[in-house]
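Peer 1: Quick one, what's the 3D model for this:
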Amino acid sequence: MPRKSDRHEQRRQQTQTRLNAAFERLRKGCPVHPLHQRGYTLTVATLARESGVARNTIYTNHRDIIDDLHAILGDPIKPVTTWQDKLDELHGLIRTMKQEQRRLVSENALLLQRALTAEAEAHRHQRHNARLIAERDTALRAVPATTKARRTVSPDNKTRN
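Peer 2: Here you go, the predicted model:
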């Protein structure tokens, strides 16, 4: 079983790798985080958001990347964008949008199916309700009285017709 310090160092290295990759993406002007697609300022918060690492972790354990960030800010490098880079970026965006469209079509089909099922269920309940109301009305109808001769009992307990 690895020692605790080995696991800590391994996690620190993974975090450093994530920070370096995000730092390079931001420097080149190719961020992947949706909030940075329309523009961003190169800050620790931006780097943290892009890399998925907490700012506190950067300030506490990765001071070297903050020094690199300050060095860049003193001499900002404009990202060089060729038409091929822009084309690749747009193809990636198109791919992402097509995936989102497929997801939305599937969701829409599922919702349509649920709506049709609910409508059929509601129609079935309406027919059942109408049948129950008809049965209730039949049961509550007045029963016609028959006009048969009544038998009466006289005070001397003899039956007369």
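
Peer 1: And the helix or strand encompassing Asn56, what's buried?
Peer 2: Assigned by DSSP states H and E, Asn56 belongs to helix 55-61. Residues of helix 55-61 classed as buried: Ile58, Asn61 (neighbour count, 16 or more other Cβ atoms under 10 Å). Yep, even glycine has a C-beta here, placed from its N, CA and C like the rest.

Peer 1: packing partners for the helix or strand following that helix?
Peer 2: Tracing the chain past helix 55-61, the next element assigned as helix or strand by DSSP H and E is helix 63-74. Other helices and strands packing on helix 63-74, by 3 or more Cβ pairs under 8 Å, 6 or more residues apart in numbering; DSSP states H and E, are helix 4-28, helix 44-51, helix 55-61.

Peer 1: Contacts made by helix 63-74 with the rest, please.
Peer 2: Contacts with helix 63-74, where a contact means Cβ atoms under 8 Å, 6 or more residues apart in numbering, come from Gln16, Leu19, Asn20, Phe23, Arg27, Leu42, Thr43, Val44, Leu47, Ile58, Tyr59.

Peer 1: Mind doing that once more with 10 Å?
Peer 2: Applying Cβ atoms under 10 Å, 6 or more residues apart in numbering, the set of residues contacting helix 63-74 from outside is 15-16, 19-20, 22-23, 26-27, 41-44, 46-47, 51, 53, 58-59, 62.
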